[in-house]
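Student: heads up, no residue letters with this:
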């Protein structure tokens, strides 16, 4: 399973960005997809996740500003980030969990993308 993110970049405070992530490989379905972020010297933290039941989780600092959505048919997840703040600067990682292969094998591991840099600066 491979995850590839896109959409990062440089944006001014108050601006918006939309991140995309595509999962590929031996995939029949993915139960949960989401986004995490990390800054140097700190632990990776949850930004948002969305599972097949429709359960959505957001990190406290992004609730109300960020929105997560999925296209399950395309194995894609999106993160709409609005009203960006300096503190949102980080590397954003796509995450997938609960992968079922085409052979109907349930993979135990979570999978991660390489990350995309988001920089909020004036």
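Tutor: Cool, got the structure. Since the model is a prediction, treat every value here as computed from it, not as a measurement. Numbers count the residues shown, from 1 in each chain.

Student: Ramachandran coordinates for the most centrally placed residue in the chain?
Tutor: Residue closest to the mean C-alpha point of the chain, counted by C-alpha atoms, centre = their mean, is residue 35 at 2.4 Å. Main-chain dihedrals, residue 35, degrees, to the nearest 10: phi -130, psi 140.

Student: per-residue confidence at it?
Tutor: Confidence at residue 35, expressed as pLDDT, is 98.

Student: is it true that it touches residue 67?
Tutor: No - applying C-beta atoms under 8 Å, one finds residue 35 not in contact with residue 67, separated by 10.9 Å. Where C-beta positions appear, they are placed from N, C-alpha and C, glycine not excepted.

Student: Need the residues touching each of these two.
Tutor: Residues touching both residue 35 and residue 67 (C-beta atoms under 8 Å, 6 or more residues apart in numbering) are 48, 79.

Student: Report the mean per-residue pLDDT for stretch 88-104.
Tutor: On average, the pLDDT along stretch 88-104 is 97.
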